[in-house]
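Asks: Please work out how this folds:
(chains A and B)
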Amino acid sequence: MGLVVTAALALTSLAVYNRNERRLLNLRVRELNLVLAATVPSIETPLASAAELAHATDGSPQKFRAFMVPYVGHGRQFASVSLWPLTTPRLAPTAVVGAAPILASMPDKARQFFAHTKPSGSLNLTGILGTARPSLGFEFSSAGRKPGFAVYAENPLPTNRRSALEGNNAFSDLNYALYLGHSRRSADVLVTSVKRLPITGRQASDVVPFGAGAFTLVVAPKGSLGGTFFKDLPWIIAVLGVLVALAAALMTDRLARRRQGAEQLAGILDRVAAENRQLYTEQRSISQTLQHALLPDTLPVFTGLRMNVLYVPAASGVDIGGDWYDVVAVDDRRVLMVIGDVSGHGLRAATTMALVRHAALAYVAQDPRPASVLAKLSDFVNSGSHDYFATVLCALIDVDAHRLTITSAGHMAPLLLDGEHAEFVALHVDAPVGVAGNSHYHEATVSVPPNATLVAFTDGLVERRGEVLDVGLARLRDMATRQQLPLDDLLVKLARELASDDHNDDTAIVGIQWQN
Amino acid sequence: MAELDSERPAEVAIDTRLDPAGSALVTVSGDLDISNAGTLEQAVASITAERPERVVFDLSGLRFMDSAGIAVLLDCAGKVNTVRLRDPSPAVRRVVELTGLTDVLSIES
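Replies: Now for the predicted structure:
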């Protein structure tokens, strides 16, 4: 009887296992789809911002180059970006950053492509170009009243179109193939992890919207998605059941049996807990991968300044936040620093953040004065049907003059550290961008003492439940003055001491130190 | 104990009233932060759906509010003509000041 029950249980759990595997696979393809879709802004918004900039500057090649350079090159978003005026009789780019575009050597294809693209303000795909080194082309045209300029980017596909996901990636347990459009022909494959297409066996697929086009994503598990515990569950039940049945039949030592049962149970509970921990860790790593993809990974090197940034994800919860920062060189003596926080959490806040961040960079390229950048950003956020707002701090730093021009849209003032003395920069805080009506921002100009350090941050660093904000601000100031640490160590110390324990909000910190 | 507290969502009590003259009163008490701001968001959404002229938030019993709470108030201010905060504690008042919102969320005490 015990054996029959055991067999039935083993079969049931095998059926449950199969059903769970299917559900997990569907979940994973949706999850991967979301991550891919969330990377669209990091491609689309720089191109959209560049198109907007071209429109505002009548296609200035210098402004275009200056704006695009940080996005182009190895490990960055694009391999090649070019500016194409659409009104000239001969279709050719007037500015190229990075590799020469393949499209420029295919005049017929270019004419056909640009004639077909609508200036609708969304991303268009050329398809796969070239044979020696096949590339994918993207295009964005300014959605103006007259046909204006197109910003065109190309990225080479990986060699043999093969790319395995990294071992530490949250999706490393999947095989995948990403196709252009809705097709599953091997000519249309953009990138895949498998040697031989099509992917066979248990699989799931989904369509990823991409600008005006789409990709088709097919995934298959490499092993068991639920981890080995669920795969082993039928065998565990069978083995345990046989043990119990045998034990009952043979009436062996009761104490030994009980201890064995307790050990088995403890073992199972441990494994369940480990599985949960692993799933949770994977989910967090997806969020963090995405956040890192959306934030700048390198800062400009600037003579006379030491700069560093830290992003600390929330200590609890798996959501991504909307905190961001940017430090860009305006010219050879001025640096612009932006730090901000978009309201809300999750993928939507993160993609909104990417949109606001790139828009701000485009406005910086037009005119770097902080009040002007924030006024344009506020108009931008107010002009759409956007239901979010963002606190933004924008500081233009004149390195040699030791001067800071700073504007705050609802964002907390940065801390200025001078040896043993530290004060928050005195400034007029205007309303956050996206709050109806406000487009006027105050600028404050501050002299910076030699070797001083500026620390800008988001509210995760100072907000604690049940506490007046001033207490958190005072704690930050005291901690920063007591340390007397080099910049990098100071940021790590602040993040560790202030943002770690009681925290369910993410935190960004930017530190800028004068070297003389 | 401090660690344990941070794991638990903060506790907040919300009471909404809509008078026939087109004015709404939302009484919020307790602690409002990122862990429970969603509750207030839902309550405010059901109030703004009735399109009141103005919404008054009675905050006399609210000990603490963070930027997630501010987000809900701002969202409300974007949907109705007037939003007023009645009798906020110094902690809550400070958050409003530090976010530059004294003109948008007017305080009456």
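
Asks: who touches the residue of chain B found nearest chain A in this structure?
Replies: Closest to chain A within chain B is B:Gly100: 3.6 Å, counting by C-beta to the nearest C-beta. Just so you know, the C-beta spots here come from the backbone N, C-alpha and C atoms, and that holds for glycine as well. The contact partners of B:Gly100, by C-beta atoms under 8 Å, 6 or more residues apart in numbering or on different chains, come to A:Ser408, A:Ala409, A:Gly410, A:His428, A:Val429, A:Asp430, A:Ala431, A:Pro432.

Asks: The last one - how many residues pack around it?
Replies: So that's A:Pro432. Other residues lying near A:Pro432 total 31 when counted by other C-beta atoms under 10 Å in any protein chain shown.

Asks: okay, and for chain B, where does confidence drop off?
Replies: For chain B, applying pLDDT under 70 flags the ranges B:1-9.

Asks: So which bits of it are right by chain A?
Replies: Along chain B, the residues adjacent to chain A under the rule C-beta under 8 Å from any C-beta of the partner chain are B:2-3, B:5-7, B:10, B:31, B:33-35, B:63-64, B:66-68, B:71, B:74-75, B:77-78, B:90-91, B:94-95, B:97-101, B:103-104.

Asks: can we see that at 6 Å?
Replies: B:6, B:10, B:33-34, B:64, B:66-67, B:71, B:74, B:78, B:91, B:94-95, B:98-101, B:104 (C-beta under 6 Å from any C-beta of the partner chain).

Asks: Now B:Pro52: closest residue in space, sequence neighbours ignored.
Replies: Of all residues beyond its chain neighbours, the one nearest B:Pro52 is B:Ala24 (4.3 Å), with distances taken as C-beta to C-beta, 6 or more residues apart in numbering or on different chains.

Asks: is the one you found in a bridge, and if so with what?
Replies: On the basis of DSSP bridges, B:Ala24 is bridged to B:Leu18, B:Val55.

Asks: What are the boundaries of the strands in chain B?
Replies: Using DSSP state E, the strands of chain B run over residues B:12-19, B:23-32, B:54-58, B:62-65, B:82-86, B:106-108.

Asks: residues touching the residue nearest the centre of chain B, list them.
Replies: A centroid search over chain B (C-alpha atoms, centre = their mean) returns B:Leu73, at 5.2 Å, as the residue closest to the centre. Residues near B:Leu73 by C-beta atoms under 6 Å, 6 or more residues apart in numbering or on different chains: B:Leu105.

Asks: Repeat that for A:Val96.
Replies: A:Ser82.

Asks: re earlier: TSV please, covering the contacts of B:Gly100 and showing distance to A:Leu461, pLDDT and secondary structure.
Replies: Listed next are the contacts of B:Gly100 as TSV, based on distance: C-beta to C-beta, whole Å; pLDDT from 0 to 100; DSSP: H, G, I helix; E, B strand; the rest coil:
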residue	distance to A:Leu461	pLDDT	secondary structure
A:Ser408	16	96	strand
A:Ala409	18	94	strand
A:Gly410	16	92	coil
A:His428	22	92	coil
A:Val429	17	92	strand
A:Asp430	21	92	strand
A:Ala431	22	90	coil
A:Pro432	18	91	coil
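
Asks: Of the residues you listed, which pair is most distant in space?
Replies: Farthest-apart pair in these is A:His428 and A:Pro432; separation 13.9 Å (C-beta to C-beta).

Asks: and the residue of the stretch 401-516 of chain A found nearest chain B, how many neighbours?
Replies: Ranked by C-beta to the nearest C-beta, the top residue of the stretch 401-516 of chain A for proximity to chain B is A:Val429, at 3.6 Å. A:Val429: 21 surrounding residues under other C-beta under 10 Å.

Asks: That one against A:Ala409, yeah?
Replies: No: between A:Val429 and A:Ala409 there is no contact under C-beta atoms under 6 Å: 8.0 Å.

Asks: quick one on the thing from earlier: between the strands of chain B, which one is closest to A:Arg369.
Replies: strand B:106-108 (30.2 Å).

Asks: Give me the sheet partners of that closest one and which way each runs.
Replies: strand B:82-86 (parallel).

Asks: Name the residues that touch stretch A:125-132?
Replies: With C-beta under 6 Å, 6+ apart as the test, stretch A:125-132 has contacts from A:Ile102, A:Phe113, A:Pro134, A:Ser135, A:Gly137, A:Gly213.

Asks: Just give the number of residues close to A:Pro450.
Replies: Count around A:Pro450 with other C-beta under 10 Å applied: 10.

Asks: How about A:Asp398?
Replies: A:Asp398 has 15 nearby residues by other C-beta under 10 Å.

Asks: Could you check the pLDDT of the nearest residue to it once chain neighbours are set aside?
Replies: Distances taken as C-beta to C-beta, 6+ apart place A:Arg334 nearest to A:Asp398, at 5.5 Å, with adjacent residues excluded. pLDDT recorded at A:Arg334 is 93.

Asks: Next, find the distance separating A:Arg334 from chain B.
Replies: 25 Å (C-beta to the nearest C-beta, to the nearest Å).

Asks: Okay, now the sheet partners of the helix or strand harbouring A:Val446, with direction.
Replies: Element membership for A:Val446 (DSSP states H and E) is strand A:444-447. Sheet pairing of strand A:444-447 (DSSP bridges) gives strand A:403-409 (antiparallel).

Asks: Pull the strand it pairs with out as CSV, backbone CA atoms only.
Replies: Provided in CSV are the C-alpha atoms of strand A:403-409 (Å, rounded to 0.1, in the frame of the first residue of the first chain):
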residue,chain,number,x,y,z
ARG,A,403,32.9,78.4,-9.0
LEU,A,404,29.6,76.5,-9.0
THR,A,405,26.4,77.6,-10.6
ILE,A,406,23.6,75.5,-9.3
THR,A,407,19.8,75.0,-9.7
SER,A,408,17.5,72.7,-7.8
ALA,A,409,14.1,71.4,-9.0
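
Asks: next helix or strand past that strand?
Replies: strand A:415-418.
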